[in-house]
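A.B. asks: Structure here, sequence nowhere to be found:
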């Protein structure tokens with residue numbers, strides 16, 4: 001029969017089982033199917049839900065209106081894709097009153113799992129006023145919790161993040177900076193075509209794998225080939241490998257324009273603490289899908305590559321690829337990636353870097369003058385003369401007069417200088433050992 005108006009518990013407190021989707025699919029496939037069939041709202045479970053997700057949904061449904069429930073959960077709940085629907089459900093239908101993170105500490109003996117605690121009130125929130133109290137810290141050896149970061153944040157800020165992530169390490173000041181960056185920027189996807197490198201194994205299962213087509217000795221349709229380990233900040237080296245490029249039989253050969261054109265190169269796995277590793281290649285080297293490439297649309301116009309992605313209108317302004325490199329390789333961009341997209345789900349503090357992340361990186365919007373030459377060298381030497389304080393004062397003066405194209409030209413010029421220095425250093429290093 002239908003529940004009465006006051007039906008439900010006043011409080012639910014839980015430590016649900018942390019069984020992964022992989023484990024359940026392997027060992028308890030039937031149980032998983034039954035849970036999905038009995039779930040009050042199976043859409044909330046998502047595709048690869050861990051077992052604690054339906055426990056959260058059940059806790060919500062057995063609580064009466066205005067009551068509370070609290071769970072200690074694996075930290076990936078705050079960021080991972082499989083929990084997106086559950087996070088949105090809670091943010092839309094309840095008030096998360098408290099979020100407590102223990103940082104990298106393990107609070108359970110003999111369980112290597114980072115955790116967080118949610119305290120949730122079953123009440124439809126006003127996202128414009130709902131406030132979450134956040135404690136982000138660590139547990140000391142004696143069991144005491146230390147919270148170096150304690151603040152409040154609007155629930156709507158978490159809801160509006162990509163994937164509605166619960167970024168408990170981000171304060172209101174972080175969100176303000178992220179919003180400022182978004183406001184003054186276009187996206188790299190408005191300037192560049194972005195995609196993975198080639199999937200070099202055969203599209204016919206078992207015919208050949210990467211080791212069969214990548215070698216130190218050139219053979220077949222040989223192309224110079226680099227890997228993630230060859231990527232340095234600003235610079236892409238070549239470790240002496242060659243790829244027998246087989247576009248007709250490879251699983252994902254991509255278009256050769258993607259490799260032959262000057263390109264930004266992002267490693268698919270971030271650096272420590274979610275830093276972006278970004279380099280530049282203008283030597284036409286090939287690579288596999290362990291890297292994400294960004295090619296200026298102006299370089300591939302009229303070719304085989306897509307020139308339209310939903311949500312990314314192609315800009316006609318003459319942004320230099322080196323300008324995009326300077327911004328993408330900056331600490332500020334790693335900050336943006338870390339707080340917008342990184343999940344920290346890989347071993348240590350590493351995350352995947354996907355093409356959709358790269359397309360959405362903010363590139364400071366430039367007000368180009370109609371007579372802009374797109375040449376960063378014709379005036380830069382004079383602008384760089386003097387002390388760094390004098391240079392900054394000169395640039396600030398130009399920016400205050402809406403001359404942002406000067407910043408564009410300077411950053412592009414400095415990126416080229418960095419590339420030249422990298423090449424020179426590598427050349428001297430190679431000569432030293434010969």
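C.D. replies: Perfect, I can see it now. Values in this document were obtained by computation on a predicted structure and should not be read as measured data. Residues are numbered from 1 along each chain as shown.
A.B. asks: Quick check: residue 423 vs residue 412, distance?
C.D. replies: Distance of residue 423 to residue 412, computed by C-beta to C-beta, to the nearest Å: 17 Å. C-beta here means a position set from N, CA and C on the backbone, and glycine is covered the same way.
A.B. asks: and residue 411, that one's in a helix?
C.D. replies: Yes - according to DSSP: H, G, I helix; E, B strand; the rest coil, residue 411 belongs to a helix.
A.B. asks: Contacts only, for it.
C.D. replies: Going by C-beta atoms under 8 Å, 6 or more residues apart in numbering, residue 411 touches 322-323, 326-327.
A.B. asks: please redo it, this time with the cut-off set to 6 Å
C.D. replies: Residue 411 makes contact with 323, 326, according to C-beta atoms under 6 Å, 6 or more residues apart in numbering.
A.B. asks: can you tell me how far it sits from residue 393?
C.D. replies: For residue 411, the distance to residue 393 - C-beta to C-beta - is 17 Å.
A.B. asks: With residue 424 instead?
C.D. replies: 30 Å.
A.B. asks: What of residue 210?
C.D. replies: For residue 210 relative to residue 393 (C-beta to C-beta), the value is 52 Å.
A.B. asks: what about the two, which has more around it?
C.D. replies: Neighbours were tallied for residue 210 and for residue 393 using other C-beta atoms under 10 Å; the higher tally belongs to residue 210 (15 against 12).
A.B. asks: Is it correct that the more buried one is in contact with residue 198?
C.D. replies: No - the pair residue 210 / residue 198 is not scored as a contact, 10.0 Å apart, by C-beta atoms under 6 Å.
A.B. asks: looking at the protein, which helix or strand is least sure?
C.D. replies: In the chain, the helix or strand scored least confidently by mean pLDDT, DSSP states H and E is helix 380-383, which has a mean of 56.
A.B. asks: Just the buried positions in stretch 113-123, please.
C.D. replies: 114-122 (16 or more other C-beta atoms under 10 Å).
A.B. asks: List just the nearest of those to residue 41.
C.D. replies: Distance to residue 41, by C-beta to C-beta, is smallest for residue 122 among those, at 14.2 Å.
A.B. asks: List phi and psi for the closest one.
C.D. replies: Per-residue torsions, residue 122: phi -80, psi 90 (degrees, to the nearest 10).
A.B. asks: how about the nearest residue to it, chain neighbours excluded?
C.D. replies: residue 63 (4.7 Å; C-beta to C-beta, 6 or more residues apart in numbering).
A.B. asks: how about that neighbour, what does it touch?
C.D. replies: By C-beta under 6 Å, 6+ apart, the contact list for residue 63 reads 8-9, 12, 69, 122.
A.B. asks: Can you say which of these are buried?
C.D. replies: 8, 12, 69, 122.
A.B. asks: Let me know the closest of these to residue 228.
C.D. replies: For the buried ones among the contacts of residue 63, the nearest to residue 228 is residue 69 (43.1 Å; C-beta to C-beta).
A.B. asks: out of residue 423 and residue 412, which sits in the busier spot?
C.D. replies: For residue 423 versus residue 412, neighbours defined as other C-beta under 10 Å are more numerous around residue 412 (23 against 12).
A.B. asks: And that one, how close does it get to residue 181?
C.D. replies: On the measure of C-beta to C-beta, residue 412 and residue 181 end up 19 Å apart.
A.B. asks: Check residue 330 too.
C.D. replies: According to C-beta to C-beta, residue 330 stands 11 Å off from residue 181.
A.B. asks: One more: residue 22?
C.D. replies: Distance of residue 22 to residue 181, computed by C-beta to C-beta: 36 Å.
A.B. asks: quick one: which of these two has more around it?
C.D. replies: Ranked by neighbour count (other C-beta under 10 Å), residue 22 and residue 181 place residue 181 first, with 18 against 10.
A.B. asks: Pretty sure the more buried one sits in a strand.
C.D. replies: No - counting by three-state DSSP, residue 181 is not part of a strand but helix.
A.B. asks: Point out where this structure drops to low pLDDT.
C.D. replies: 1-5, 137-148, 344-349, 371-388, 391-392, 394-395, 398-402, 425-434 (pLDDT under 70).
A.B. asks: Just want the most central residue of the protein.
C.D. replies: residue 341 (3.5 Å; C-alpha atoms, centre = their mean).
A.B. asks: Distance of the residue lying closest to that one once chain neighbours are set aside relative to residue 210?
C.D. replies: Once flanking residues are discounted, residue 341 sits nearest to residue 357: 4.5 Å by C-beta to C-beta, 6+ apart. Distance of residue 357 to residue 210, computed by C-beta to C-beta: 24 Å.
A.B. asks: quick one: buried residues of stretch 320-334?
C.D. replies: 320-329, 333-334.
A.B. asks: oh sorry, the question was meant for stretch 213-230
C.D. replies: Per 16+ other C-beta under 10 Å, stretch 213-230 contains these buried residues: 213-215, 223-228, 230.
A.B. asks: Check the offset of that stretch from the chain's centre.
C.D. replies: Averaging C-alpha positions (C-alpha atoms, centre = their mean, to the nearest Å) puts stretch 213-230 28 Å from its chain's average.
A.B. asks: ok, residues contacting that stretch?
C.D. replies: Against stretch 213-230 from outside (C-beta under 6 Å, 6+ apart): 200, 236-245, 267, 285-287, 290-291.
A.B. asks: Around residue 7, count how many other residues there are.
C.D. replies: Count around residue 7 with other C-beta under 10 Å applied: 11.
A.B. asks: make that residue 36, sorry
C.D. replies: 12.
A.B. asks: do the same with residue 313
C.D. replies: By other C-beta under 10 Å, 12 other residues sit near residue 313.
A.B. asks: quick one: buried residues of the longest strand belonging to the chain?
C.D. replies: Secondary structure of the chain per DSSP state E: the longest strand is strand 63-74. Neighbour-count burial for strand 63-74 flags 63, 67-74 (criterion: 16+ other C-beta under 10 Å).
A.B. asks: Apart from its chain neighbours, what residue comes closest to residue 367?
C.D. replies: Residue 367 sits nearest to residue 404 (C-beta to C-beta, 6+ apart), 5.1 Å away.
A.B. asks: my read: that neighbour touches residue 364, true?
C.D. replies: No - applying C-beta under 6 Å, one finds residue 404 not in contact with residue 364, separated by 7.4 Å.
A.B. asks: re the thing from before, counting neighbours, which of the contacts of stretch 213-230 end up buried?
C.D. replies: Taking 16+ other C-beta under 10 Å as the criterion, what is buried in these is 200, 236-237, 241-245, 267, 285-287, 291.
A.B. asks: Among those, which ones are in strands?
C.D. replies: Going by DSSP E, the strands hold 200, 241-244, 267, 286-287, 291 from these.
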